[in-house]
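J.: need a structure here:
(one chain, ligands or ions: 2)
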Amino acid sequence: MSAFIIEGLCQGCQRCVDACTRGAILVFARVANVNADKCIECEECVEVCMHGAIAFRENLEVVQKND
Ligand code: SF4
Ligand code: SF4
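T.: Ligands and ions are numbered 1, 2, ... in the order given. The predicted structure follows:
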C-alpha cells in the first residue's frame, strides 16, 4: 500500500514533493507520481495537498471492490 495521486485533481503544485521526507514523489508534466517502493504511508503529503489529490491504495481497492 502506498499513497497514490488522483490525477484529475492534481494541480502539479509540488507541495507534496516538498513534504515527502522519503523523496517518494516527483511531478512530471504537472502531475505528481508516487514511487510505491519508497512510500512509508506517513500521510505528510495528504496533509499538505490543498486539492484532495492524494489517497491510499487500500482506499482505491475498497472502491473497486464495491463496483
Ligand atoms: S500537493 Fe496535491 S495538487 Fe500539489 S502536486 Fe501534490 S498531489 Fe498534486
Ligand atoms: S505518504 Fe509519506 S512517504 Fe508516502 S508519498 Fe506521502 S509523504 Fe511520501
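J.: what residue ranges in the protein score low on pLDDT?
T.: Counting by pLDDT under 70, the chain has low-confidence residues at 58-67.
J.: helices of that one, start to end?
T.: Along the chain, the segments classed as helices by DSSP state H run 15-19, 44-48, 57-65.
J.: what's the second one packed up against?
T.: Pointing back at helix 44-48 there. Based on contacts counted as 3 or more Cβ pairs under 8 Å, 6 or more residues apart in numbering; DSSP states H and E, the elements that helix 44-48 packs against are helix 15-19, strand 54-56. Where C-beta positions appear, they are placed from N, C-alpha and C, glycine not excepted.
J.: which residues touch it?
T.: The contact list for helix 44-48 (Cβ atoms under 8 Å, 6 or more residues apart in numbering) reads 3, 15-16, 18-21, 25, 34, 54-55.
J.: from these, which is closest to residue 43?
T.: residue 3 (7.5 Å; Cβ to Cβ).
J.: just give the closest residue to that closest one, not the sequence neighbours.
T.: Nearest residue to residue 3, sequence neighbours excluded (Cβ to Cβ, 6 or more residues apart in numbering): residue 34, at 4.9 Å.
J.: over to residue 32?
T.: Using Cβ to Cβ, 6+ apart and skipping the chain neighbours, the partner closest in space to residue 32 is residue 5 (4.7 Å).
J.: number of nearby residues for the one you found?
T.: By other Cβ atoms under 10 Å, the residues close to residue 5 number 19.
J.: is the residue nearest to residue 3 bridged to anything, and to what?
T.: Residue 34 has these beta-bridge partners by DSSP bridges: residue 25.
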